[in-house]
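Peer 1: Okay, sequence plus prediction incoming.
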Amino acid sequence: MNWAGAVFGASAATALVGAVCAVGLKSIFHNILGFALAMLGVAGVFLSLGSDFLAVVFVLVYVGAVAIAMVYAVMLSVPLDLPARPRSRAKVAGAALFAAVGAAAIWLVVRGARWPQATGRLDVSAAWIGYRFLRDYVLAFELISVLLVVAMMGAVMVARRSRSSGEGR
Amino acid sequence: MNPTLYLGFATLLFGIGLYGLLQRRSLVAMLISLELMLAAVSVNVVALTTLTGHDASMGQVVALILVGVAASETAIGLSLFVAIHRASHSIDVENLSELKG
(Lines give C-alpha, C1' and ligand atoms only; values in the text may rest on other atoms or scores of the structure.)
Protein backbone atom coordinates (compact mmCIF):
# COMPACT_ATOMS: atom_id res chain seq x y z
CA MET A 1 0.00 0.00 0.00
CA ASN A 2 2.93 2.30 0.61
CA TRP A 3 4.06 1.94 -2.98
CA ALA A 4 0.58 2.79 -4.23
CA GLY A 5 0.47 5.83 -1.99
CA ALA A 6 3.76 7.15 -3.32
CA VAL A 7 2.68 6.60 -6.92
CA PHE A 8 -0.66 8.27 -6.20
CA GLY A 9 0.96 11.33 -4.61
CA ALA A 10 3.44 11.87 -7.41
CA SER A 11 0.88 11.32 -10.18
CA ALA A 12 -1.81 13.44 -8.55
CA ALA A 13 0.65 16.32 -8.14
CA THR A 14 1.71 15.92 -11.79
CA ALA A 15 -1.89 15.84 -12.95
CA LEU A 16 -2.85 18.94 -10.97
CA VAL A 17 0.18 20.90 -12.18
CA GLY A 18 -0.64 19.86 -15.74
CA ALA A 19 -4.30 20.81 -15.33
CA VAL A 20 -3.38 24.25 -13.98
CA CYS A 21 -1.05 24.74 -16.96
CA ALA A 22 -3.79 23.50 -19.31
CA VAL A 23 -6.31 26.13 -18.22
CA GLY A 24 -4.09 28.89 -16.85
CA LEU A 25 -1.39 29.59 -19.42
CA LYS A 26 -1.96 32.08 -22.21
CA SER A 27 -0.52 30.22 -25.19
CA ILE A 28 -2.81 27.54 -26.60
CA PHE A 29 0.20 25.39 -27.40
CA HIS A 30 1.30 25.41 -23.76
CA ASN A 31 -2.28 24.53 -22.82
CA ILE A 32 -2.10 21.40 -24.95
CA LEU A 33 1.25 20.41 -23.44
CA GLY A 34 -0.18 20.92 -19.96
CA PHE A 35 -3.16 18.76 -20.94
CA ALA A 36 -0.81 15.96 -22.01
CA LEU A 37 1.03 16.26 -18.68
CA ALA A 38 -2.27 16.13 -16.78
CA MET A 39 -3.32 13.00 -18.64
CA LEU A 40 0.03 11.36 -17.86
CA GLY A 41 -0.68 12.12 -14.21
CA VAL A 42 -4.18 10.65 -14.42
CA ALA A 43 -2.69 7.51 -15.98
CA GLY A 44 -0.33 7.32 -13.00
CA VAL A 45 -3.32 7.57 -10.65
CA PHE A 46 -4.90 4.61 -12.45
CA LEU A 47 -1.60 2.76 -12.08
CA SER A 48 -1.71 3.37 -8.32
CA LEU A 49 -5.19 1.82 -8.32
CA GLY A 50 -3.78 -1.31 -9.94
CA SER A 51 -5.53 -0.79 -13.26
CA ASP A 52 -2.53 -0.89 -15.56
CA PHE A 53 -4.49 -1.57 -18.75
CA LEU A 54 -6.55 1.60 -18.29
CA ALA A 55 -3.38 3.59 -17.61
CA VAL A 56 -1.86 2.40 -20.88
CA VAL A 57 -5.08 3.23 -22.75
CA PHE A 58 -5.10 6.73 -21.27
CA VAL A 59 -1.51 7.39 -22.35
CA LEU A 60 -2.21 5.98 -25.81
CA VAL A 61 -5.46 7.82 -26.44
CA TYR A 62 -5.00 11.14 -24.66
CA VAL A 63 -1.26 11.81 -24.73
CA GLY A 64 -0.79 10.03 -28.03
CA ALA A 65 -3.87 10.74 -30.12
CA VAL A 66 -5.96 13.56 -28.66
CA ALA A 67 -3.08 15.91 -27.84
CA ILE A 68 -1.54 15.37 -31.27
CA ALA A 69 -4.89 15.97 -32.98
CA MET A 70 -5.29 19.20 -31.00
CA VAL A 71 -1.79 20.32 -32.03
CA TYR A 72 -2.70 19.60 -35.66
CA ALA A 73 -5.94 21.56 -35.42
CA VAL A 74 -4.18 24.52 -33.80
CA MET A 75 -1.39 24.48 -36.37
CA LEU A 76 -3.96 24.40 -39.17
CA SER A 77 -5.84 27.41 -37.94
CA VAL A 78 -4.44 29.75 -35.32
CA PRO A 79 -1.50 32.06 -35.86
CA LEU A 80 0.34 31.28 -32.67
CA ASP A 81 1.66 34.80 -32.21
CA LEU A 82 -1.80 36.31 -32.32
CA PRO A 83 -2.22 38.40 -29.16
CA ALA A 84 -5.22 37.36 -27.09
CA ARG A 85 -7.64 40.04 -26.04
CA PRO A 86 -7.62 40.57 -22.27
CA ARG A 87 -10.45 38.91 -20.45
CA SER A 88 -12.75 41.08 -18.39
CA ARG A 89 -12.05 40.77 -14.69
CA ALA A 90 -15.66 40.21 -13.71
CA LYS A 91 -16.00 37.18 -15.98
CA VAL A 92 -12.81 35.59 -14.66
CA ALA A 93 -13.97 36.16 -11.09
CA GLY A 94 -17.41 34.76 -11.91
CA ALA A 95 -15.91 31.64 -13.49
CA ALA A 96 -13.60 31.11 -10.51
CA LEU A 97 -16.46 31.60 -8.07
CA PHE A 98 -18.74 29.17 -9.92
CA ALA A 99 -16.01 26.53 -10.19
CA ALA A 100 -15.11 26.93 -6.51
CA VAL A 101 -18.75 26.60 -5.44
CA GLY A 102 -19.20 23.51 -7.64
CA ALA A 103 -16.05 21.84 -6.33
CA ALA A 104 -17.00 22.70 -2.75
CA ALA A 105 -20.46 21.15 -3.24
CA ILE A 106 -18.90 17.95 -4.62
CA TRP A 107 -16.43 17.91 -1.74
CA LEU A 108 -19.24 18.22 0.81
CA VAL A 109 -20.98 15.20 -0.71
CA VAL A 110 -17.71 13.24 -0.76
CA ARG A 111 -16.97 14.08 2.88
CA GLY A 112 -20.44 13.10 3.99
CA ALA A 113 -20.54 9.72 2.26
CA ARG A 114 -19.66 6.43 3.93
CA TRP A 115 -17.96 3.90 1.69
CA PRO A 116 -17.90 0.15 2.31
CA GLN A 117 -14.50 -1.47 2.67
CA ALA A 118 -12.97 -3.47 -0.15
CA THR A 119 -13.20 -7.22 0.28
CA GLY A 120 -10.10 -8.91 -1.01
CA ARG A 121 -8.25 -8.50 -4.26
CA LEU A 122 -10.27 -7.88 -7.38
CA ASP A 123 -9.40 -9.09 -10.83
CA VAL A 124 -8.80 -6.18 -13.21
CA SER A 125 -6.46 -7.85 -15.67
CA ALA A 126 -6.71 -6.94 -19.33
CA ALA A 127 -7.87 -10.45 -20.20
CA TRP A 128 -10.74 -10.25 -17.73
CA ILE A 129 -11.73 -6.77 -18.92
CA GLY A 130 -11.82 -8.03 -22.51
CA TYR A 131 -13.90 -11.00 -21.39
CA ARG A 132 -16.39 -8.72 -19.65
CA PHE A 133 -16.50 -6.43 -22.67
CA LEU A 134 -17.35 -9.23 -25.06
CA ARG A 135 -19.79 -11.02 -22.77
CA ASP A 136 -21.64 -8.71 -20.36
CA TYR A 137 -21.13 -5.35 -22.03
CA VAL A 138 -21.15 -6.39 -25.66
CA LEU A 139 -23.97 -3.99 -26.57
CA ALA A 140 -22.07 -1.01 -25.13
CA PHE A 141 -18.95 -2.23 -26.91
CA GLU A 142 -20.71 -2.36 -30.27
CA LEU A 143 -22.42 0.98 -29.69
CA ILE A 144 -19.06 2.59 -28.95
CA SER A 145 -17.63 1.28 -32.20
CA VAL A 146 -20.64 2.63 -34.12
CA LEU A 147 -20.30 5.96 -32.31
CA LEU A 148 -16.61 6.18 -33.20
CA VAL A 149 -17.28 5.45 -36.87
CA VAL A 150 -20.11 8.00 -37.01
CA ALA A 151 -17.98 10.62 -35.22
CA MET A 152 -15.07 10.04 -37.57
CA MET A 153 -17.23 10.32 -40.68
CA GLY A 154 -19.00 13.36 -39.25
CA ALA A 155 -15.67 15.00 -38.46
CA VAL A 156 -14.51 14.51 -42.04
CA MET A 157 -17.79 15.84 -43.42
CA VAL A 158 -17.77 18.91 -41.18
CA ALA A 159 -14.13 19.81 -41.64
CA ARG A 160 -13.70 19.32 -45.35
CA ARG A 161 -14.03 22.17 -47.77
CA SER A 162 -17.35 21.86 -49.55
CA ARG A 163 -16.87 21.95 -53.31
CA SER A 164 -20.46 22.57 -54.37
CA SER A 165 -21.34 25.60 -52.28
CA GLY A 166 -18.31 27.57 -53.44
CA GLU A 167 -17.05 28.55 -50.04
CA GLY A 168 -14.34 31.09 -50.64
CA ARG A 169 -14.31 33.42 -47.70
CA MET B 1 -6.33 3.17 0.65
CA ASN B 2 -9.04 5.63 1.39
CA PRO B 3 -11.33 6.44 -1.55
CA THR B 4 -11.76 9.98 -0.18
CA LEU B 5 -8.19 10.77 -1.25
CA TYR B 6 -8.97 9.80 -4.84
CA LEU B 7 -12.32 11.57 -4.79
CA GLY B 8 -10.67 14.72 -3.48
CA PHE B 9 -8.14 14.62 -6.29
CA ALA B 10 -10.94 14.11 -8.82
CA THR B 11 -12.87 17.01 -7.28
CA LEU B 12 -9.87 19.32 -7.69
CA LEU B 13 -9.38 18.18 -11.29
CA PHE B 14 -13.09 18.69 -12.02
CA GLY B 15 -13.00 22.15 -10.46
CA ILE B 16 -10.00 23.19 -12.54
CA GLY B 17 -11.72 21.90 -15.67
CA LEU B 18 -14.96 23.71 -14.82
CA TYR B 19 -13.06 26.96 -14.27
CA GLY B 20 -11.31 26.57 -17.62
CA LEU B 21 -14.54 25.76 -19.42
CA LEU B 22 -16.16 28.93 -18.09
CA GLN B 23 -13.19 31.26 -18.33
CA ARG B 24 -11.43 30.41 -21.60
CA ARG B 25 -12.70 31.70 -24.92
CA SER B 26 -10.72 29.60 -27.35
CA LEU B 27 -12.65 26.54 -28.50
CA VAL B 28 -9.63 24.25 -28.16
CA ALA B 29 -9.02 25.42 -24.59
CA MET B 30 -12.66 24.72 -23.75
CA LEU B 31 -12.32 21.25 -25.27
CA ILE B 32 -9.23 20.64 -23.11
CA SER B 33 -11.13 21.68 -20.00
CA LEU B 34 -13.97 19.34 -20.92
CA GLU B 35 -11.51 16.46 -21.27
CA LEU B 36 -10.09 17.25 -17.83
CA MET B 37 -13.58 17.04 -16.34
CA LEU B 38 -14.22 13.71 -18.08
CA ALA B 39 -10.91 12.36 -16.76
CA ALA B 40 -11.98 13.36 -13.25
CA VAL B 41 -15.19 11.35 -13.72
CA SER B 42 -13.15 8.34 -14.87
CA VAL B 43 -10.94 8.59 -11.79
CA ASN B 44 -14.04 8.65 -9.60
CA VAL B 45 -15.59 5.59 -11.19
CA VAL B 46 -12.40 3.52 -11.16
CA ALA B 47 -11.46 4.53 -7.60
CA LEU B 48 -14.91 3.74 -6.20
CA THR B 49 -15.29 0.40 -7.95
CA THR B 50 -11.75 -0.66 -7.05
CA LEU B 51 -11.60 0.52 -3.45
CA THR B 52 -15.10 -0.20 -2.18
CA GLY B 53 -15.21 -3.83 -3.16
CA HIS B 54 -17.76 -3.74 -5.91
CA ASP B 55 -17.19 -5.18 -9.34
CA ALA B 56 -13.79 -3.66 -10.16
CA SER B 57 -13.73 -4.64 -13.82
CA MET B 58 -17.07 -2.88 -14.33
CA GLY B 59 -15.39 0.40 -13.37
CA GLN B 60 -12.69 -0.24 -15.93
CA VAL B 61 -15.29 -0.98 -18.59
CA VAL B 62 -17.13 2.25 -17.83
CA ALA B 63 -13.87 4.20 -17.93
CA LEU B 64 -12.95 2.66 -21.29
CA ILE B 65 -16.38 3.56 -22.69
CA LEU B 66 -15.81 7.11 -21.40
CA VAL B 67 -12.49 7.19 -23.25
CA GLY B 68 -14.29 6.21 -26.44
CA VAL B 69 -16.95 8.88 -25.99
CA ALA B 70 -14.31 11.50 -25.19
CA ALA B 71 -12.30 10.57 -28.27
CA SER B 72 -15.30 10.92 -30.59
CA GLU B 73 -16.22 14.18 -28.88
CA THR B 74 -12.71 15.47 -29.52
CA ALA B 75 -12.88 14.46 -33.19
CA ILE B 76 -16.17 16.30 -33.68
CA GLY B 77 -15.03 19.28 -31.63
CA LEU B 78 -11.79 19.72 -33.52
CA SER B 79 -13.50 19.43 -36.90
CA LEU B 80 -16.04 22.05 -35.80
CA PHE B 81 -13.12 24.17 -34.67
CA VAL B 82 -11.48 23.93 -38.10
CA ALA B 83 -14.78 24.64 -39.89
CA ILE B 84 -15.59 27.64 -37.67
CA HIS B 85 -12.12 29.02 -38.12
CA ARG B 86 -12.47 28.69 -41.88
CA ALA B 87 -15.85 30.44 -41.88
CA SER B 88 -15.17 33.29 -39.49
CA HIS B 89 -11.36 33.47 -39.08
CA SER B 90 -11.79 33.48 -35.35
CA ILE B 91 -12.02 30.84 -32.65
CA ASP B 92 -13.11 33.23 -29.94
CA VAL B 93 -16.50 31.95 -28.78
CA GLU B 94 -17.65 35.48 -28.00
CA ASN B 95 -17.43 36.31 -31.70
CA LEU B 96 -19.72 33.41 -32.61
CA SER B 97 -22.91 35.37 -32.26
CA GLU B 98 -24.37 35.11 -35.75
CA LEU B 99 -27.38 33.16 -34.50
CA LYS B 100 -28.11 35.63 -31.71
CA GLY B 101 -31.60 37.07 -31.96
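Peer 2: Perfect, I can see it now.

Peer 1: so what's residue B:77 up against?
Peer 2: B:27, B:31, B:34 (CB atoms under 8 Å, 6 or more residues apart in numbering or on different chains). (C-beta placed from N, C-alpha, C; glycine too.)

Peer 1: burial measure for residue A:136, as a count.
Peer 2: 14 (other CB atoms under 10 Å in any protein chain shown).

Peer 1: Quick one: residues contacting it.
Peer 2: Shown in contact with residue A:136 (CB under 8 Å, 6+ apart): no residues.

Peer 1: Next, it: phi, psi?
Peer 2: phi -80, psi -40 (degrees, to the nearest 10).

Peer 1: Run the chain-centre distance for the lengthiest helix in chain B.
Peer 2: Ranked by residue count and defined by DSSP state H, the top helix of chain B is helix B:56-88. With CA atoms, centre = their mean, to the nearest Å as the basis, helix B:56-88 stands 9 Å off its chain's centre.

Peer 1: By neighbours, which of the contacts of residue B:77 wins?
Peer 2: Of all the contacts of residue B:77, residue B:31 has the most neighbours under the rule other CB under 10 Å, reaching 26 neighbours.

Peer 1: Leaving out the residues flanking it, which one is nearest to it?
Peer 2: Using CB to CB, 6 or more residues apart in numbering or on different chains and skipping the chain neighbours, the partner closest in space to residue B:31 is residue B:77 (4.7 Å).

Peer 1: from the contacts of residue B:77, which is closest to chain A?
Peer 2: Checking these against chain A by CB to the nearest CB gives residue B:31 as the nearest, at 7.3 Å.

Peer 1: contacting residues for residue 16?
Peer 2: By default, I'm working from chain A. Neighbour list for residue A:16: A:38, A:41, B:9, B:12-13, B:16 [criterion: CB under 8 Å, 6+ apart].

Peer 1: actually chain B
Peer 2: So residue B:16 contacts A:16, A:19-20, A:22-23, A:99, B:33, B:36 (CB under 8 Å, 6+ apart).

Peer 1: again, 10 Å this time
Peer 2: A:15-16, A:18-20, A:22-24, A:38, A:99, A:103, B:33, B:36-37, B:40 (CB atoms under 10 Å, 6 or more residues apart in numbering or on different chains).

Peer 1: and what of residue A:134?
Peer 2: Residue A:134 is in contact with A:141-142, counting by CB under 10 Å, 6+ apart.

Peer 1: Mind doing that once more with 7 Å?
Peer 2: Taking CB atoms under 7 Å, 6 or more residues apart in numbering or on different chains, we find residue A:134 in contact with residue A:141.

Peer 1: can you check residue A:140 too?
Peer 2: Residue A:140 neighbours (CB under 7 Å, 6+ apart): residue B:65.

Peer 1: which secondary structure element contains it?
Peer 2: helix A:138-159 (DSSP states H and E).

Peer 1: Just want the angle from that helix to helix B:56-88.
Peer 2: Using axes from the mean of the first three to the mean of the last three CA atoms, to 10 degrees, the inter-axis angle of helix A:138-159 relative to helix B:56-88 is 10 degrees.

Peer 1: buried residues in helix A:138-159?
Peer 2: Neighbour counts using 16 or more other CB atoms under 10 Å in any protein chain shown place A:141, A:144, A:147, A:151, A:155, A:158-159 of helix A:138-159 among the buried residues.

Peer 1: Next, the contact list for the closest residue to residue A:49 other than its chain neighbours, please.
Peer 2: The shortest distance from residue A:49 to any non-neighbouring residue, by CB to CB, 6+ apart, is to residue B:50 (4.9 Å). For residue B:50, the contacting residues are A:49-51, A:122, B:56, B:59, by CB under 7 Å, 6+ apart.

Peer 1: who wins for neighbours among those residues?
Peer 2: Highest count within the contacts of residue B:50 by other CB under 10 Å belongs to residue A:51, 28 neighbours.
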